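Undergrad: The sequence and its predicted three-dimensional model are supplied below.
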Amino acid sequence: MRRFFTKHGLMVLSAAVAVMVILSLVTFFSNNTNALTNVVNVIASPFRSLSTSVSTWIDDQIRFASDYDALQAENQALREEIAALEEELRRARSDSEENATLRELLDLREQRRDFQLESARITEGDASNWASAVTLNVGTDYGVEIGDCVITAEGYLVGTITAAGSSWSTCTTLIDTQAAFGAKVFRTGEAAVAQGEFSRMGEGLLELQYLSGDSGVMVGDLIVTSGLGGYYPSDLVIGYVREIMTDDDGLAQYAVLEPAADLEALRQVFVVKDFTIVE
């Protein structure tokens, strides 16, 4: 409303003054002569109509300005309410995702009660043709040590801790050339070694080495950790056989493995700080 009178105030004032002057003149002449009454009324009629129109227009503008200000206030209140609802929805989604992760962790702990786990978030990744590692937001202050296994909530192997500070640690993933794990073919129980291979790192793959010459391994076979030697827990899922190859001398076979863990999409993992060997 204040903006309306700032913009149109001078015009409204001028019109009002003009109408008042004309009405004053008409009143003066009408009071002093009866002969001119009819003429005066004829002349005054349009101006009276103009006065009424101006008053009506001013009232309409005042009502419009008041309604406009009320609508603005109402729209602002609605925008604030929508923003609050959107924030509540975001929090609900975040809580839902966290609960899902906790349920997965709970299931894992129920299945593997021999694990002592530390939840960790990945803060940085270092993947190239030369190395594959991630940085975690937990370290020695949390009981994390070099050599500990890192897994997903589903029990998929991610790698091992190769460096640790008080509040951080480095997990070298299972496709890195430094990685090697005692493994077995879940279907047959055949023992082998799963290890990173330089030529496979760029594809996100690793190899299953030291298979016997008459190995019954097949494409699609599930490969898990063997637990031999007690360094790592048994039955952690390493991945699946993607291709079966033969050495250049034709005497030994090896398999190309695709990790079960989606290393590029990982955000949260779990460090196995301690475990009981299951015979």
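TA: Here it is on my side, so go on.

Undergrad: Can you list the low-confidence ranges for the stretch 51-200 of the chain?
TA: 51-69, 75, 79-81, 83-113, 127, 129 (pLDDT under 70).

Undergrad: Now do the strands in it.
TA: 115-127, 132-136, 149-151, 157-164, 169-173, 180-185, 191-195 (DSSP state E, counting those that start in this stretch).

Undergrad: Go through these and name the closest to Ala70.
TA: The closest approach between Ala70 and any of the strands of the stretch 51-200 of the chain, judged by C-beta to C-beta, belongs to strand 115-127 at 48.6 Å. Bear in mind the C-beta positions are built from the backbone N, C-alpha and C, glycine included.

Undergrad: circling back to that earlier point, can you tell me which of the strands of the stretch 51-200 of the chain is nearest to Ile223?
TA: Closest among those, using C-beta to C-beta: strand 180-185, at 5.4 Å.

Undergrad: In the closest one, which of the residues would be classed as buried?
TA: Phe181, Gly182, Ala183, Lys184, Val185 (16 or more other C-beta atoms under 10 Å).

Undergrad: Columns distance to Ile244 on top of the residues you listed, output as TSV?
TA: Compiled in TSV, the buried residues of strand 180-185 are given as follows (distance: C-beta to C-beta, whole Å):
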residue	distance to Ile244
Phe181	19
Gly182	20
Ala183	15
Lys184	16
Val185	11
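
Undergrad: with those in mind, which one is nearest to Gly239?
TA: When these are compared against Gly239 (criterion: C-beta to C-beta), the nearest one is Ala183, at 9.4 Å.

Undergrad: Quick one: residues contacting that closest one.
TA: Contacts here follow C-beta atoms under 8 Å, 6 or more residues apart in numbering; on that basis Ala183 touches Ala191, Ala192, Val193, Ala194, Leu208, Ile223, Val224, Thr225, Ser226, Ile238.

Undergrad: likewise Phe275?
TA: By C-beta under 8 Å, 6+ apart, Phe275 lies in contact with Arg112, Asp114, Phe115, Gln116, Pro233.

Undergrad: Which pLDDT does the model give it?
TA: You'll see Phe275 listed with a pLDDT of 86.

Undergrad: tell me which residues form a beta bridge with it?
TA: Phe115 (DSSP bridges).

Undergrad: Adjust the sequence numbering to begin at 11 for everything that follows.
TA: Sure, I'll start counting at 11 from here, so that last one is Phe285.

Undergrad: The helix or strand hosting Ala265 pairs with which strands, and in what direction?
TA: Here Ala265, judged by DSSP states H and E, is contained in strand 263-269. Strand pairing for strand 263-269, using DSSP bridges, gives strand 216-219 (antiparallel), strand 247-256 (antiparallel).

Undergrad: Deepest-packed of the ones you listed, please.
TA: Stretch with highest mean neighbour count among those: strand 216-219 (a mean of 24; mean count of other C-beta atoms under 10 Å).

Undergrad: CA atoms only: put it into CSV for me.
TA: Output in CSV follows, covering the C-alpha atoms of strand 216-219 (Å, rounded to 0.1, in the frame of the first residue of the first chain):
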residue,chain,number,x,y,z
LEU,A,216,41.4,-59.7,-9.9
GLU,A,217,42.5,-63.3,-10.5
LEU,A,218,42.1,-66.7,-8.8
GLN,A,219,45.5,-68.4,-9.1
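
Undergrad: contact partners of it?
TA: In contact with strand 216-219 (C-beta under 8 Å, 6+ apart) are residues 184-185, 189, 193, 202-207, 210, 227, 233, 248-249, 251, 264-267, 269.

Undergrad: what about it, average pLDDT?
TA: 95.

Undergrad: quick one: His228 from Ala262, how far?
TA: No His there; residue 228 is Met. Distance, Met228 to Ala262, by C-beta to C-beta, to the nearest Å: 17 Å.

Undergrad: So which of these two has more stuff around it?
TA: More crowded of Met228 and Ala262, by other C-beta atoms under 10 Å: Ala262, with 15 against 12.

Undergrad: burial count for the closest residue to that one other than its chain neighbours?
TA: Distances taken as C-beta to C-beta, 6 or more residues apart in numbering place Gly223 nearest to Ala262, at 6.2 Å, with adjacent residues excluded. Counted with other C-beta under 10 Å, residues neighbouring Gly223 total 9.

Undergrad: Against Ile171, how distant is Gly223?
TA: In this view, Gly223 and Ile171 are 36 Å apart by C-beta to C-beta.

Undergrad: Alpha carbons of stretch 129-143, in CSV - could you do that?
TA: The C-alpha trace of stretch 129-143 is given here as CSV (Å, rounded to 0.1, in the frame of the first residue of the first chain):
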residue,chain,number,x,y,z
SER,A,129,31.8,-49.0,11.3
ALA,A,130,33.7,-46.6,9.0
ARG,A,131,33.0,-44.1,6.3
ILE,A,132,35.1,-43.7,3.2
THR,A,133,36.5,-40.2,3.0
GLU,A,134,38.8,-40.5,0.0
GLY,A,135,39.5,-42.9,-2.8
ASP,A,136,42.7,-43.6,-4.8
ALA,A,137,41.9,-45.8,-7.8
SER,A,138,44.2,-46.0,-10.8
ASN,A,139,46.0,-48.5,-13.0
TRP,A,140,48.8,-48.5,-10.4
ALA,A,141,46.9,-48.7,-7.0
SER,A,142,43.5,-49.2,-5.5
ALA,A,143,42.9,-47.9,-2.0
